[in-house]
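Peer 1: I'll drop the sequence and a predicted model, then ask my questions.
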Amino acid sequence: GSLLLAVHFYGLPRAAPLIPSTALGVLLVILSSLLAYAGIWRSLRNASLFLSLCLTISVFWCGYGVVFILGGQGVLNDTGDFRNALVPGLVTFTLALLIIAVVGFLCREVILAMIASAVSLASAHEVAMHYSTAFGSSAVACNYMIVCLVGGYFALGRILYFLTKEKIALPGMDLAKKKTHEQIQSTSGSVNHFAVTSLILNMLSASVFGCRLLGVTGKLFIGQVPWLWAAGIYQIGICILSYRAMDVLMATFFGFTSILKFAGGYCLLYPIWQPEEPSFPTPFLVVFSILFVVLALFLALKSPVDGLYLLFYVAYCIALACRPKGFFESGPQGVDVAIFVASALMTLIHLYNVKARAKIPTGKDAVKALLARSSFLKLREGADLHAPYLGYSKYADAEVLGYACSVLASFAITMTGDPQAPLATVVIPWVVVAGGILKFLGGSVAFARGKTLESSAFILYAVMWIIWGLTRYGGLYGTTRSFHAAVGIIAFMLFNGFIVFCTLFLNIAWFFYSLTFLLIAVSFLLDAIHALPAGYDIAATLIFGLVSFYCFLSALFNSVFEGSCLPMGRPIVQLSGVGGGMTKCLHLPARKASSVKRIADILKNGGTCGIPTDTVYVLVAACNRPDAVEKAHQSKRQAQDRPMSLWISSLKQLEPAKHLFTPLLWDFMEAAWPSPISLVVPRGEWVDFLGMKDSAKYVGTPQSIAIRIPDCSVTTHLIDLVGPIVVTSANPTGEADTTHHNQVYAKLGDKVDAVLCDGPSPENIASTVVDCTKINSGNIGFFRVGIIPKSQVKLILILFLRL
């Protein structure tokens with residue numbers, strides 16, 4: 001990328017550029033996506049400075065590239081357009097990359113610091129070049145050549161380091177020490193490494209409007225939209241990655257700021273189709289400021305400095321609400337300047353505190369000590385801070401953002417709008433981005449956490465907000481009404497009616513949340529058929545907005561504090577096996593050794609548990625507890641043609657009875673296990689060596705028993721703690737296999753004592769069951785062909801027969 005820009009700036013004095021602007025822009029956009037991928041992939045190893053540098057330059061080149069594309073396509077034709085389009089981004093990344101360089105030098109990340117400082121100097125020279133002819137383009141090109149040389153040295157050092165198996169390490173490339181330091185930092189607590197990039201994105205959007213106020217740029221126009229929308233798109237990506245980092249509050253904040261960025265870009269596009277500047281819905285902006293205040297209060301409990309930073313956005317929303325022309329007024333632009341300065345300071349604090357051993361104080365420990373004295377409020381802390389109540393998820397809960405977006409979308413459509421000029425009021429960004437895109441994000445995260453009903457509702461509502469927002473406020477509706485639109489809305493209402501019914505089994509808050517959205521859908525329907533009573537849509541949106549606001553507060557309280565300060569309520573209808581799994585059946589995350597130990601204790605005490613395996617979930621009981629085996633047999637309504645099987649963790653458990661197995665069968669078991677292959681072997685005295693006693697009558701048939709060593713470390717560790725276990729599928733006989741821990745309780749209800757949760761099963765197919773009762777004659781059969789095909793099993797046998 002730097003080589004492309006170096007060639008471009010060296011050839012700039014020529015009459016015809018060496019690289020056409022459109023081609024250069026397209027290449028920069030492609031390279032920006034590769035940089036983002038590299039940074040995110042590296043973030044899995046806690047390389048915060050590398051991540052920040054990659055994502056920052058990625059955003060820079062993305063917006064930069066799109067501006068070049070606009071210039072190449074003749075969009076930026078007026079005198080000074082190219083300068084007005086580029087300068088806000090160049091100013092931002094000059095300062096942002098300078099901060100990264102300073103922290104890099106302080107933390108002895110010299111190579112990354114040199115790259116950041118060179119790109120920063122190149123951007124600064126380019127800004128000067130646009131305002132003074134005394135500065136030539138060669139200086140910009142020289143800085144980019146420095147990046148090429150340092151990047152080449154970095155790549156050479158990496159290649160030598162790995163090819164020589166860590167024997168040759170060039171200066172500045174001692175990866176072993178860096179890796180150890182990063183591992184020490186990663187164990188010290190959960191840190192959101194993406195926050196720095198998001199703060200830089202806030203600087204970028206603020207720079208666009210702040211530069212106009214300070215006279216750095218001459219006007220606000222379409223050429224600056226790439227910076228705003230690139231910041232918005234990356235901000236949504238950072239929001240998702242922050243949920244991966246288990247940072248609910250900052251992820252919600254990043255989602256909020258992405259809405260403002262998209263709205264700003266939309267307003268700069270507005271003059272294309274309307275001559276006058278747009279007006280803003282005051283109720284929406286007032287509600288947005290309230291949401292920012294609430295979020296700032298909760299964030300201040302974790303980090304007072306971050307909470308104070310959010311107050312700038314409270315002031316920003318109030319300034320937008322007070323000025324009818326919004327982003328085009330000097331009041332909001334003045335707050336943008338303040339946001340730019342505050343974001344730069346926060347970037348320095350966050351980046352330095354992540355990398356350096358000595359920290360800049362943010363007041364975090366003081367608030368924690370203050371709350372420790374309170375008996376009423378206690379902060380959630382620890383590894384299980386965001387663990388779902390039915391197991392394990394890679395994402396924190398996004399319901400806070402989902403409910404907040406419902407509030408924003410509902411209050412945005414309180415503006416009725418003018419049918420003759422539907423675009424005169426800025427409503428589309430608030431409804432489509434907040435109610436649509438971010439709500440869809442919340443639904444996707446909820447699905448990843450195993451919340452099927454909640455995710456279905458969020459995604460359905462997101463589709464509804466997007467369609468209705470574009471139809472009513474995008475000029476697609478006009479003054480006419482359509483029968484087809486009414487039919488579509490009725491279809492949505494039917495789907496939502498089913499969700500309302502399902503929420504009867506979830507909790508009271510969700511019931512009212514889905515029910516009040518039905519009121520919104522009714523208002524859409526009445527409007528579509530020209531029968532909307534005066535004031536009904538305002539009343540419906542206010543009711544839905546208030547219910548959503550309560551859910552937003554409840555989700556915030558539950559994510560920050562222990563206990564239920566604002567409860568969501570109990571299910572209205574309670575059925576056995578539907579809901580309530582959190583209280584009636586213990587659900588433990590499989591990734592924790594302590595969870596496996598608790599499951600082992602339950603099994604030793606005669607309990608039955610659902611556990612994950614190398615295939616699907618199964619129901620297990622300890623062999624030496626006949627009462628537990630009988631309970632598992634009865635809870636399953638076990639059919640006689642599907643007897644329960646026996647699992648061990650190692651052949652060492654059968655070693656005392658080895659003489660009771662034929663050599664061929666023993667060697668076949670050694671070769672086949674561990675794997676998803678169950679071997680049906682002749683029943684014999686070897687069963688007594690496993691301590692089955694009275695449990696034996698429930699396992700297998702009078703002639704044979706299916707036995708297996710699973711290829712799953714969690715399962716084998718559990719068997720090591722408990723001893724051999726009796727196993728059957730975790731579903732009533734005749735039903736489909738259970739492929740998620742949520743389904744275990746749903747299918748078996750109170751008949752299972754605990755569930756070891758590991759999310760979706762690695763496979764959707766059960767094990768292969770092989771008949772080995774006649775193996776000595778060289779023949780095997782198959783009771784069931786599962787994940788392992790017949791050919792693979794027969795190949796194992798053929799190899800041993802040849803030997």
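Peer 2: Arrived safely, thanks for sending.
Peer 1: nearest residue to residue 338 other than its sequence neighbours?
Peer 2: residue 312 (5.8 Å; CB to CB, 6 or more residues apart in numbering). For glycine as for every other residue, the C-beta is placed from the backbone atoms N, C-alpha and C.
Peer 1: Report the contact partners of that neighbour.
Peer 2: Neighbouring residues of residue 312 by CB atoms under 8 Å, 6 or more residues apart in numbering: 335, 338-339, 342.
Peer 1: could you redo the last one with a cut-off of 10 Å?
Peer 2: Neighbouring residues of residue 312 by CB atoms under 10 Å, 6 or more residues apart in numbering: 202, 206, 292, 296, 335-336, 338-343, 346.
Peer 1: Please give the element, helix or strand, for it.
Peer 2: Using DSSP states H and E, residue 312 falls within helix 304-322.
Peer 1: in that helix, what's buried?
Peer 2: Buried residues in helix 304-322, counting neighbours by 16 or more other CB atoms under 10 Å, are found at 304-310, 312-321.
Peer 1: As CSV, could you dump the C-alpha coordinates of that helix?
Peer 2: Listed next in CSV are the C-alpha coordinates belonging to helix 304-322 (Å, rounded to 0.1, in the frame of the first residue of the first chain):
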residue,chain,number,x,y,z
PRO,A,304,-14.9,7.0,35.7
VAL,A,305,-12.8,8.4,32.9
ASP,A,306,-14.8,6.5,30.3
GLY,A,307,-18.0,7.7,31.9
LEU,A,308,-16.9,11.3,31.8
TYR,A,309,-16.0,10.8,28.1
LEU,A,310,-19.5,9.7,27.3
LEU,A,311,-20.8,13.0,28.6
PHE,A,312,-19.4,14.7,25.6
TYR,A,313,-21.9,12.7,23.5
VAL,A,314,-24.7,13.7,25.8
ALA,A,315,-23.8,17.3,25.1
TYR,A,316,-23.6,16.5,21.4
CYS,A,317,-27.1,15.1,21.3
ILE,A,318,-28.5,18.0,23.2
ALA,A,319,-26.7,20.4,20.8
LEU,A,320,-28.2,18.6,17.8
ALA,A,321,-31.7,18.7,19.4
CYS,A,322,-31.4,22.5,20.0
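Peer 1: Whatever helix or strand comes next after that helix - contacts with which helices or strands?
Peer 2: Per DSSP H and E, the first helix or strand lying C-terminal to helix 304-322 is helix 330-355. Under the contact definition 3 or more CB pairs under 10 Å, 6 or more residues apart in numbering; DSSP states H and E, helix 330-355 sits against helix 48-72, helix 81-106, helix 175-186, helix 195-213, helix 248-269, helix 304-322.
Peer 1: before we move on, the earlier item: state the distance from the residue nearest to residue 338 to residue 318.
Peer 2: Look at residue 312 and residue 318: by CB to CB, to the nearest Å, they are 11 Å apart.
Peer 1: How about the contacts made by residue 653?
Peer 2: Applying CB under 10 Å, 6+ apart, we find residue 653 in contact with 689-690, 709, 719-720, 723-724.
Peer 1: how about a cut-off of 7 Å?
Peer 2: Contact analysis of residue 653 by CB atoms under 7 Å, 6 or more residues apart in numbering lists 690, 724.
Peer 1: Now do the same for it: its pLDDT.
Peer 2: Per-residue pLDDT puts residue 653 at 85.
Peer 1: for it, helix, strand, or coil?
Peer 2: Applying DSSP: H, G, I helix; E, B strand; the rest coil to residue 653 yields a three-state assignment of helix.
Peer 1: Mean confidence (pLDDT) on the helix holding residue 312, please.
Peer 2: Mean predicted lDDT for helix 304-322 stands at 93.
Peer 1: and what of stretch 130-147?
Peer 2: Across stretch 130-147, pLDDT averages out at 89.
Peer 1: Only the buried residues of it, if you could.
Peer 2: Under the neighbour-count criterion of 16+ other CB under 10 Å, stretch 130-147 has 130, 135, 137, 139-147 buried.
Peer 1: The stretch 551-700 of the chain: helices as residue ranges?
Peer 2: Using DSSP state H, counting those that start in this stretch, the helices of the stretch 551-700 of the chain run over 581-584, 593-604, 626-635, 663-672.
Peer 1: which of the residues in the third one are buried?
Peer 2: What that stands for is helix 626-635. Quick answer for helix 626-635 (16+ other CB under 10 Å): 626, 628-633, 635.
Peer 1: ok, now the second one?
Peer 2: Along helix 593-604, the positions that meet the burial threshold by neighbour count (16+ other CB under 10 Å) are 595-596, 598-600, 602-603.
Peer 1: now for the helices of the stretch 551-700 of the chain, which one comes closest to residue 732?
Peer 2: Proximity to residue 732 (CB to CB) singles out helix 626-635 among the helices of the stretch 551-700 of the chain, at 8.7 Å.
Peer 1: Can I get that closest one as CSV, trimmed to CA atoms?
Peer 2: Extracted in CSV, the C-alpha atoms of helix 626-635 (Å, rounded to 0.1, in the frame of the first residue of the first chain):
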residue,chain,number,x,y,z
PRO,A,626,-27.8,-48.9,39.9
ASP,A,627,-30.4,-46.4,41.1
ALA,A,628,-29.0,-43.8,38.7
VAL,A,629,-28.8,-46.2,35.8
GLU,A,630,-32.4,-47.2,36.4
LYS,A,631,-33.4,-43.6,36.6
ALA,A,632,-31.7,-42.9,33.2
HIS,A,633,-33.4,-45.9,31.7
GLN,A,634,-36.8,-44.8,32.9
SER,A,635,-36.4,-41.1,32.0
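Peer 1: what packs against that helix?
Peer 2: Packing partners of helix 626-635 (3 or more CB pairs under 7 Å, 6 or more residues apart in numbering; DSSP states H and E): strand 618-622, strand 725-729.
Peer 1: Just put the ones you listed in CSV and tack on distance to residue 751 and mean pLDDT.
Peer 2: Formatted as CSV, those follow (distance: least, CB to CB, whole Å; pLDDT from 0 to 100):
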stretch, distance to residue 751, mean pLDDT
strand 618-622, 9, 91
strand 725-729, 12, 89
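Peer 1: Could you name whichever residue is most remote from the centre of this structure?
Peer 2: Most distant residue from the mean C-alpha position of the chain: residue 777, 55.3 Å away (CA atoms, centre = their mean).
Peer 1: picking that back up, got the buried residues of helix 626-635 as JSON lines, with distance to residue 86 and pLDDT columns?
Peer 2: JSON lines is the format used below for the buried residues of helix 626-635 (distance: CB to CB, whole Å; pLDDT from 0 to 100):
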{"residue": "626", "distance to residue 86": "79", "pLDDT": "85"}
{"residue": "628", "distance to residue 86": "72", "pLDDT": "88"}
{"residue": "629", "distance to residue 86": "74", "pLDDT": "86"}
{"residue": "630", "distance to residue 86": "77", "pLDDT": "84"}
{"residue": "631", "distance to residue 86": "72", "pLDDT": "84"}
{"residue": "632", "distance to residue 86": "69", "pLDDT": "84"}
{"residue": "633", "distance to residue 86": "74", "pLDDT": "81"}
{"residue": "635", "distance to residue 86": "69", "pLDDT": "74"}
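Peer 1: From those, pick the one nearest residue 483.
Peer 2: Among the buried residues of helix 626-635, residue 635 lies closest to residue 483 (CB to CB), at 53.2 Å.
Peer 1: Kindly state the pLDDT recorded for residue 493?
Peer 2: 91.
Peer 1: what separates it from residue 73, distance-wise?
Peer 2: Residue 493 sits 44 Å away from residue 73, going by CB to CB.
Peer 1: out of these two, which sits in the more crowded spot?
Peer 2: Neighbours were counted for residue 493 and for residue 73 using other CB atoms under 10 Å; residue 493 has more, 18 against 11.
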